[in-house]
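Novice: How does the following fold in three dimensions:
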Amino acid sequence: MRYVAAYLLAALGGNDKPSADDLKKILSSVGITAEQEKLDRVINELKDKNLEEVIAEGTEKLASVPSGGAAPAGGAAPAAGDAPAGGAAPAAAEPEEESDDDMDGFSLFD
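Specialist: Numbering: from 1, shown residues only. Okay, the predicted model is just below:
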């Protein structure tokens, strides 16, 4: 992904045909050592293509991917007139805090 991002940055900067050296300069400016094989692959895949069309095609493909969505919400809270006659309504159970035990070795900033 970083190689594609570097290619797009070079193209946005006015370089219609970024070279491997152009991408290496961009990547090294943020401390990334570029791998020649990956650079060559990105350049070969994107050469002679209109980047706006490539982005549009990718957007169409992403639109067809199901995104999951949120869990359905519970029912609406009962109105004050619907409270039981015995006084206060029973307290709802507090949700358990999720554990990160299954995420050993992974960090957001690694």
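Novice: can you count the residues close to the closest residue to L51 other than its chain neighbours?
Specialist: Excluding the flanking residues, the one nearest L51 by Cβ to Cβ, 6 or more residues apart in numbering is A11, at 5.6 Å. Bear in mind the C-beta positions are built from the backbone N, C-alpha and C, glycine included. Number of residues near A11 (other Cβ atoms under 10 Å) recorded here: 16.
Novice: What is the longest helix of the chain by residue count?
Specialist: Ranked by residue count and defined by DSSP state H, the top helix of the chain is helix 51-63.
Novice: can you list contacts of it?
Specialist: For helix 51-63, contacts defined as Cβ atoms under 8 Å, 6 or more residues apart in numbering pick out L8, A11, L46.
Novice: coming back round to it: doesn't P18 make contact with the residue nearest to L51?
Specialist: Yes. The criterion here is Cβ atoms under 8 Å, and A11 meets it with P18 at 6.4 Å.
Novice: Mind checking what secondary structure the residue nearest to L51 has?
Specialist: Under DSSP: H, G, I helix; E, B strand; the rest coil, A11 falls in the helix class.
Novice: shaky segments in this protein?
Specialist: Judged by pLDDT under 70, the chain has its weakly predicted residues at 69-110.
Novice: same thing but at 80, please
Specialist: When residues are selected by pLDDT under 80, those of the chain lie in 67-110.
Novice: Run through the helices of it in chain order.
Specialist: Secondary structure of the chain, counting by DSSP H: helices at 2-12, 20-28, 36-46, 51-63.
Novice: Going by neighbour count, list what's buried in the first one.
Specialist: Counting neighbours by 16 or more other Cβ atoms under 10 Å, one finds that the buried residues in helix 2-12 are Y3, A6, Y7, L8, L9, A10, A11.
Novice: What separation is there between the third one and P66?
Specialist: If you measure Y7 against P66 using Cβ to Cβ, to the nearest Å, the figure is 29 Å.
Novice: ditto for the fifth one
Specialist: To P66, L9 is 31 Å away according to Cβ to Cβ.
Novice: Sounds good, over and out.
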